[in-house]
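> How does the following fold in three dimensions:
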Amino acid sequence: MLAVLLGVLFLGERPTATQFAGCALVVLTVWHTSRGGAPSSSGTPPPRAPVEAERHG
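Below you'll find the model as predicted:
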């Protein structure tokens, strides 16, 4: 979004519909991945429960 805005303000460019769609896609993707809730598919296992030795240690 910032690149499109700077292009309009400083270079006098007129963004195309494709550029606006690309910006919207990036913004929606970042929003979706940063809102949390769903577990990550990064391959990192969830935290494990403590075992007996750790609880009484």
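
> which sections of this protein are below the confidence cut-off?
Residue ranges of the chain with pLDDT under 70: 37-43, 45-46, 53-57.

> Can you give the contact residues for the helix or strand hosting H32?
Using DSSP states H and E, H32 falls within helix 17-34. Applying CB atoms under 8 Å, 6 or more residues apart in numbering, the contact partners of helix 17-34 are M1, V4. In short, each C-beta sits where N, CA and C put it, glycine included.

> Which positions within it qualify as buried?
By neighbour count with 16 or more other CB atoms under 10 Å, helix 17-34 contains the buried residues C23.

> Stretch 7-20 now?
Using 16+ other CB under 10 Å as the test for burial, stretch 7-20 gives no buried residues.

> Straight-line length of that stretch, end to end?
Taking CA to CA, to the nearest Å, the first and last residues of stretch 7-20 lie 12 Å apart.

> Can you tell me how far the most centrally placed residue in the chain is from Q19?
Geometric centre of the chain, nearest residue: V30, 2.8 Å, by CA atoms, centre = their mean. Note on V30: its distance to Q19, by CB to CB, to the nearest Å, is 17 Å.
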